[in-house]
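Q: what follows is a protein structure lacking sequence information:
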C-alpha cells in the first residue's frame, strides 16, 4: 500500500473541508449583517450610525443611567457580533485542521 499517497489524499480532503467551511462562513456575512443592522436600527436601541438614529433621544439618555447601561453596550455588542462569529469559525477551523493534519503523520 502507498501510505504517502493516502496521506496526501487525506491532507487534500482536509484542506477541501477547510475551504468549504470558510466559503460557507463568508456566505453568512451578508444575512448576519442584515439581521444585526435590523436589531441595531430599532427605535428602542437608538444606535449611532443607523437610519433611525435620533440625536435628541440619544442626548436624553445621558440623564438616565439605566438607559446608558442597557442601550449603549447592546449597540456595541451587536456591532462586534459578526466579527466574533466569523473570527471564531476561522480560528476553530484552523485549529481543527492543525489537529487532524498532525494525525496524518
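A: That came through, no problem. The structure presented is a predicted model; accordingly, all values stated were derived computationally and were not measured.
Q: contacts only, for residue 57.
A: residue 46 (CB atoms under 8 Å, 6 or more residues apart in numbering). Every C-beta, even on glycine, is put in place using the N, C-alpha and C of the backbone.
Q: no, scratch that, I was asking about residue 79
A: Shown in contact with residue 79 (CB under 8 Å, 6+ apart): 36, 40, 47.
Q: what of residue 27?
A: By CB under 8 Å, 6+ apart, residue 27 has no neighbours at all.
Q: I'd like to know how far it sits from residue 86.
A: Distance, residue 27 to residue 86, by CB to CB, to the nearest Å: 11 Å.
Q: spatially central residue in this protein, please.
A: Per CA atoms, centre = their mean, the C-alpha nearest to the average position across the chain is that of residue 85, at 2.4 Å.
Q: apart from its chain neighbours, what residue comes closest to that one?
A: In space, and not counting its chain neighbours, residue 85 is closest to residue 32: 6.6 Å by CB to CB, 6 or more residues apart in numbering.
Q: so what's the residue count around the one you found?
A: 15 (other CB atoms under 10 Å).
Q: go on, residue 98?
A: Around residue 98 there are 10 residues (other CB under 10 Å).
Q: again with the one 4 residues further on
A: Close neighbours of residue 102, defined as other CB under 10 Å, add up to 8.
Q: now swap in residue 50 and tell me
A: Around residue 50 there are 17 residues (other CB under 10 Å).
Q: quick one: it from residue 37, how far?
A: Residue 50 is 7 Å from residue 37, by CB to CB.
Q: any idea how far residue 68 is from residue 6?
A: For residue 68, the distance to residue 6 - CB to CB - is 60 Å.
Q: if we can go back for a sec, and the residue nearest to the centre of the chain, which helix or strand is it part of?
A: helix 65-103 (DSSP states H and E).
Q: what's the answer for residue 36, then?
A: helix 29-40.
Q: distance between that helix and the chain's centre?
A: Centroid separation for helix 29-40 versus its chain: 11 Å, with CA atoms, centre = their mean, to the nearest Å.
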